[in-house]
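K.L.:
Pasting the sequence and the predicted coordinates here, then a few questions.
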Amino acid sequence: MLDRSSAADYVYAKTSGRLSKSFVGQRANQLFAVKSLAELWQLVFETEVPMVPEALLAQKLENDAQNRFIQEFCELLSLFSNPDPVALQLLRRFDYSNLKKINFALRTGQASMPAIVDIGKFSTIKYDAWPNVAAMTSGTKLSWFNKPVEIADVKAFEHNLDVQYVKDLWAAVQNYRGEDRPAIEKLISEELIIDNIVWAIRLRVYFQMKPEEVIPYLAWVGEMGQKTDPIAGPALDVLKKSLDTYEDWQHWRYAEFLNPHEDGVVWNVDPRWIQTSARAANQKRALQMFHRFPCSPAVLAPWFKIKQQELDYIRRAAEGLRLNVEPEKIK
């Protein structure tokens, strides 16, 4: 294991080499130019296409791309005797999603543990204790999940998991010390803020929920309902806006992410457009931070975000090909 400075130098050199081959920025367009899933596989993995039915190839492509990223990320994180807590918490997001699958399996009486995303020694969950969920989460911040949650309470359970993840990630950011702290905070906070905003709009658009009904479903890192909350506070602003009046949104803090508006044409705010536009902007922010602090142990946080966006592009391309959607519409 290398010392902290040497590990940071090595990680930056290693990831810089991989960045040139990653499907981000202009290179992402290659994913949307292929004509078949087999061609997409060869582009992403540069290996022979596996002998599986076409219907299963898209799912295998997505899973293998994710597993490759996780394996590579864990290898890089292992170089540090004390891994950056922000990068570590970003990786542990998979633990939270695994627990949702585990609860479903337990609730429905499945004999075997469901397929999980394995983050190895960096996981806080004792998966080998299956099916004893209390033993699986014992000694962790998720120990409150100690028995299967019935269907009537699943929505609240999954929301609590999401909130726990956000609070733990935000705590890791606040505890980070280094000259790149402001950049780390900006990178993480902007994504979490947009996630809350998009979720608030979705609840209003798709579930016709009233503003006061939305508030409990946001991810707060402080006291619920406070405008000063650094993560959920900005979402309160969108609760007051008309969903079909562009004038209500044109001077909004994040107006650059809105779906286009044309005079005389009916307009409705589109949460999907906001999310996609904001993620692209955050990817640029991650790339800038990646190059700005090359020798920092925190270089893995922007690298995680860069590769996370690449995975999103790969999934989008695979699903588009599976559903026979035109490339421009996929993009």
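P.N.:
Cool, the structure landed.

K.L.:
ok, now how distant is S189 from N196?
P.N.:
S189 sits at a distance of 11 Å from N196 (criterion: CB to CB, to the nearest Å). C-betas here are computed from N, CA, C, even on glycine.

K.L.:
Would you mind measuring from V173 to L192?
P.N.:
9 Å.

K.L.:
Surely V149 touches N103?
P.N.:
Yes. Counting by CB atoms under 8 Å, V149 touches N103, with 5.4 Å between them.

K.L.:
shared neighbours of these two, anything?
P.N.:
Both V149 and N103 are in contact with F157, where contact means CB atoms under 8 Å, 6 or more residues apart in numbering.

K.L.:
just for this protein, where's the confidence low?
P.N.:
1-4, 330-331 (pLDDT under 70).

K.L.:
do that again at 80, thanks
P.N.:
For the chain, the stretches with pLDDT under 80 are 1-5, 55, 295, 297-298, 326-331.

K.L.:
who's in contact with A255?
P.N.:
Applying CB under 8 Å, 6+ apart to A255 gives the contacts W249.

K.L.:
In contact with the nearest residue to A219 once chain neighbours are set aside, which residues?
P.N.:
Nearest non-adjacent residue to A219, counting by CB to CB, 6 or more residues apart in numbering: V166, 4.2 Å away. Contact partners of V166, counting by CB under 8 Å, 6+ apart, are 192, 219, 221, 231.

K.L.:
Next up, phi/psi of V166, please.
P.N.:
phi -60, psi -50 (degrees, to the nearest 10).

K.L.:
just F104 next, same as before
P.N.:
Dihedral pair for F104: phi -60, psi -40, per degrees, to the nearest 10.

K.L.:
tally of neighbours for it?
P.N.:
16 (other CB atoms under 10 Å).

K.L.:
now do the one 5 residues further on
P.N.:
When neighbours are defined as other CB under 10 Å, G109 has 7 of them.

K.L.:
Relative to P131, how far out is it?
P.N.:
10 Å.

K.L.:
go on, R202?
P.N.:
Taking CB to CB, one finds R202 at 33 Å from P131.

K.L.:
Comparing these two, which shows the higher neighbour count?
P.N.:
Legend: neighbour count by other CB under 10 Å for R202 and P131, higher for R202 (17 against 14).

K.L.:
now that one, nearest residue through space, not along the chain?
P.N.:
P271 (4.8 Å).

K.L.:
Start and end of stretch 14-25, how far apart?
P.N.:
End-to-end span of stretch 14-25 (CA to CA, to the nearest Å): 19 Å.

K.L.:
Show me what that stretch is in contact with.
P.N.:
Against stretch 14-25 from outside (CB under 8 Å, 6+ apart): 30-31, 44, 72, 76, 283, 287, 290, 294, 299-300, 303, 306-307, 309-310, 313-314.

K.L.:
Next: stretch 26-41.
P.N.:
Against stretch 26-41 from outside (CB under 8 Å, 6+ apart): 23, 43-44, 47, 49-50, 54, 57-58, 61, 310, 313-314, 316-318, 320-322, 327, 330-331.

K.L.:
Kindly recompute the last result at 7 Å.
P.N.:
With CB atoms under 7 Å, 6 or more residues apart in numbering as the test, stretch 26-41 has contacts from 23, 43, 49, 54, 57-58, 61, 313-314, 317-318, 321-322, 327, 330-331.

K.L.:
Likewise for stretch 64-76?
P.N.:
11, 14, 44, 91, 117, 119-120, 122, 300, 304, 307, 311, 314.

K.L.:
need the helices for the stretch 1-150 of the chain, in chain order.
P.N.:
For the stretch 1-150 of the chain, the helices defined by DSSP state H, counting those that start in this stretch cover 4-19, 37-45, 54-77, 85-91, 93-107, 133-137.

K.L.:
Next, format those helices as JSON lines and append distance to D180.
P.N.:
As requested, the helices of the stretch 1-150 of the chain are exported to JSON lines (distance: least, CB to CB, whole Å):
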{"stretch": "helix 4-19", "distance to D180": "11"}
{"stretch": "helix 37-45", "distance to D180": "31"}
{"stretch": "helix 54-77", "distance to D180": "17"}
{"stretch": "helix 85-91", "distance to D180": "10"}
{"stretch": "helix 93-107", "distance to D180": "21"}
{"stretch": "helix 133-137", "distance to D180": "32"}
